[in-house]
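In: I would like the atomic coordinates for the input below:
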Amino acid sequence: MAIGSTRGKRRLGRHIRPILDRSGLKVDEVVKRSRVSRPTITRMLSGEALARWPALSMVLDVIGATPEEKTRALQLWEVADVDPSAIEHARDLPAGYKRFRMDELEAVRERTLDSALVPGLLQTAGYAEAVARSTHRQIVGESWDSRAAAERHDRQAALTKENPVEYHALIDEAALRRLVGGPEVMRGQLDHLVAVGGRPNVTIRVLPYSVGAYGAQVGAMFLLDFDQSDEPRAAYVEALTGMVPVEDEEAEVLSAVWEDAARLALTVQDSVSLIRAVRDALGD
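Out: The predicted structure is shown next:
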């Protein structure tokens, strides 16, 4: 069983919440009638934990779920758990980043904007290791810098799998010019951006210095879309303490901010030209 929040668990919680509201019962009343613990119920509603089916079934009976609602709950319950073993080094990852990675596994489209670094899905091994050395205090496990490249490689399978994610990256020019890992690492990183940008499912555009200020210049943002029509967008921002999920209306605000920045970005062709110019300036 996956530990922590998964998209499937949150989907199940969203299904149960309106049934509970319709019942007019408070959580404490449901606890008393169902004999299911309060932490189990509250964590199930928030998507932080998955109750065993007998307990969930009892709660649904107490709050008056219809047979159709109970059948749907069972369907959601059966697919609610995403196994984090599919994520390399999952035990070493902070909870917020692990939640992001599990959401990313299900996404069909991802949009990112980074004003400081090349985004993780596009990082080379050398670049990822250099970033890991600078952020080691944010990682649970020891010697993370020696395993960061493997984690990035595992994550980047999203770009090359049978049904790859549709990926749109906006990268600030500052990230291209920052010598993460030194000139040799950056030469390889910039060459990699040009190469991976040629994939049909990958779009890389640069926000040049000439655009001046724009609305998303603090950290990185990530927007994930899913193929289920009733699934809300997932959004995350990267803070000093790690990946922070952004919910509901605020996620739509971030999406609008991304679109505003995209209107300022160079075309794909001009972005490639700028990346190559920065690469050439580093020599051989």
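In: The residue minimising distance to the centre of the chain: what's it in contact with?
Out: The centroid of the chain falls nearest to F100 when counting by C-alpha atoms, centre = their mean (3.4 Å). F100 is in contact with 222, 236, 243, 245, counting by C-beta atoms under 8 Å, 6 or more residues apart in numbering. Where you see a C-beta, it was placed from the backbone N, CA and C, and this is true even at glycine.
In: The same query, at a cut-off of 10 Å, please.
Out: Contact partners of F100, counting by C-beta atoms under 10 Å, 6 or more residues apart in numbering, are 93-94, 120, 222, 224, 234-236, 238, 242-245.
In: Any idea how far whatever helix or strand it lives in is from the middle of the chain?
Out: Using DSSP states H and E, F100 sits in helix 95-106. Distance of helix 95-106 from the chain centroid (C-alpha atoms, centre = their mean, to the nearest Å) equals 5 Å.
In: Please put the alpha-carbon coordinates of that helix into CSV.
Out: C-alpha atoms of helix 95-106 as CSV (Å, rounded to 0.1, in the frame of the first residue of the first chain):
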residue,chain,number,x,y,z
ALA,A,95,6.6,13.6,1.2
GLY,A,96,5.7,16.6,-1.0
TYR,A,97,8.0,15.5,-3.8
LYS,A,98,6.8,11.9,-3.5
ARG,A,99,3.2,13.1,-3.9
PHE,A,100,4.2,15.1,-6.9
ARG,A,101,6.0,12.1,-8.5
MET,A,102,2.9,9.9,-8.0
ASP,A,103,0.7,12.5,-9.6
GLU,A,104,3.2,12.9,-12.4
LEU,A,105,2.9,9.1,-13.1
GLU,A,106,-0.8,9.6,-14.0
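In: Let's see if you can find the most crowded of the contacts of F100.
Out: F222 (26 neighbours; other C-beta atoms under 10 Å).
In: And the residue of the chain most remote from its centre, how far from A169?
Out: In the chain, the greatest distance from the average C-alpha position (C-alpha atoms, centre = their mean) is reached by R33, at 37.8 Å. R33 sits at a distance of 51 Å from A169 (criterion: C-beta to C-beta, to the nearest Å).
In: ok, M44 - contacts?
Out: 9, 12-13, 16, 36, 50-51, 55-56, 59, 77, 80.
In: which one among these gets closest to K26?
Out: The closest of the contacts of M44 to K26 turns out to be V59 (C-beta to C-beta; 13.1 Å).
In: The closest one reaches L12, doesn't it?
Out: No - with contact defined as C-beta atoms under 10 Å, V59 does not reach L12; the gap is 11.5 Å.
In: okay if I get the contacts of M44 as TSV plus distance to V196 and pLDDT?
Out: As requested, the contacts of M44 are exported to TSV (distance: C-beta to C-beta, whole Å; pLDDT from 0 to 100):
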residue	distance to V196	pLDDT
K9	32	86
L12	36	90
G13	36	91
I16	41	94
V36	48	93
L50	36	87
A51	42	89
A55	46	92
L56	43	94
V59	47	95
W77	38	88
A80	33	78
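In: any chance of those in TSV, plus distance to R187, neighbour count and secondary structure?
Out: Shown next, in TSV, are the contacts of M44 (distance: C-beta to C-beta, whole Å; neighbours: other C-beta atoms under 10 Å; DSSP: H, G, I helix; E, B strand; the rest coil):
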residue	distance to R187	neighbour count	secondary structure
K9	43	26	helix
L12	48	27	helix
G13	47	21	helix
I16	53	21	helix
V36	58	21	coil
L50	47	21	coil
A51	52	20	coil
A55	56	16	helix
L56	54	25	helix
V59	58	26	helix
W77	50	21	helix
A80	45	23	coil
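In: Which one of those is nearest to Y209?
Out: Nearest to Y209 among those, with distances taken as C-beta to C-beta, is K9, at 42.9 Å.
In: Got the phi and psi for the residue lying closest to that closest one once chain neighbours are set aside?
Out: In this structure, K9 finds its nearest non-sequential neighbour in G47, 4.2 Å apart by C-beta to C-beta, 6 or more residues apart in numbering. With angles defined as degrees, to the nearest 10, G47 sits at phi 80, psi 10.
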